[in-house]
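> Have a look; sequence and predicted model below, questions after that.
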Amino acid sequence: MFGLNGKILAKGKIPDFAYENGLYIEADYSYEWAGLLIYLFGHGISLLLSLKFSGKSFKEWWENVGTYGSRKLVAHMMKLEKNERKKCKNFFEIYLSISLKYIVPIAIIFVTIRTLRRDIDVPYNGYSTGV
């Protein structure tokens, strides 16, 4: 069983009866990034289908669907910018919209799942549970 930082835990961390009675199943995490790839592929397909069936141009679709939800926040952030560099504003608007809508939620989900997995693998961070 893998614990923190991929170190193999000693057999003594799991009660012996779990090994003897077949209650302990060792997990294989060698394909943990497959879930991310499956998610990104599925999300990409859904976005392409949305664009195709909306009947709108890419610009209209991007403004109404692709950045829906993050657009108001980005517009407010752009009002705070005092510099009038058009290229920088466009780049920042696209970057912030993509980050807020697509990258940050994925990062939060994966951090939560990895933390949960670590807590399941090494309950109480290796401290005694009294068993």
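Nice, I can see it.
> Give me the below-cutoff pLDDT ranges for the protein.
Using pLDDT under 70 as the threshold, the predicted model of the chain has low-confidence ranges 1-30, 83-84, 126, 129-131.
> Just the CA trace of the longest helix anywhere in the chain, in CSV.
With residue count as the measure and DSSP state H as the assignment, the chain has helix 34-54 as its longest helix. The C-alpha coordinates for helix 34-54 follow below in CSV (Å, rounded to 0.1, in the frame of the first residue of the first chain):
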residue,chain,number,x,y,z
ALA,A,34,-6.1,8.6,-16.9
GLY,A,35,-9.1,10.2,-15.2
LEU,A,36,-7.8,13.7,-16.1
LEU,A,37,-7.3,12.7,-19.7
ILE,A,38,-10.8,11.2,-19.9
TYR,A,39,-12.3,14.3,-18.3
LEU,A,40,-10.5,16.7,-20.7
PHE,A,41,-11.4,14.6,-23.7
GLY,A,42,-15.1,14.4,-22.7
HIS,A,43,-15.3,18.1,-21.9
GLY,A,44,-13.6,19.0,-25.2
ILE,A,45,-16.1,16.9,-27.1
SER,A,46,-19.0,18.5,-25.3
LEU,A,47,-17.7,22.0,-26.0
LEU,A,48,-17.3,21.2,-29.7
LEU,A,49,-20.8,19.7,-29.9
SER,A,50,-22.2,22.8,-28.1
LEU,A,51,-20.5,25.0,-30.6
LYS,A,52,-21.7,23.0,-33.6
PHE,A,53,-25.4,22.7,-32.5
SER,A,54,-25.7,26.3,-31.2
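> can you pull the buried residues of that helix?
By neighbour count, and taking 16 or more other Cβ atoms under 10 Å as the criterion, the buried residues in helix 34-54 are residue 51. Yep, even glycine has a C-beta here, placed from its N, CA and C like the rest.
> who touches that helix?
58, 61, 65-66, 102, 106, 110 (Cβ atoms under 8 Å, 6 or more residues apart in numbering).
> Repeat that for stretch 64-73.
With Cβ under 8 Å, 6+ apart as the criterion, stretch 64-73 contacts 47, 50-51, 54, 56, 63, 74, 96-97, 100-101.
> Perfect, I'm done here.
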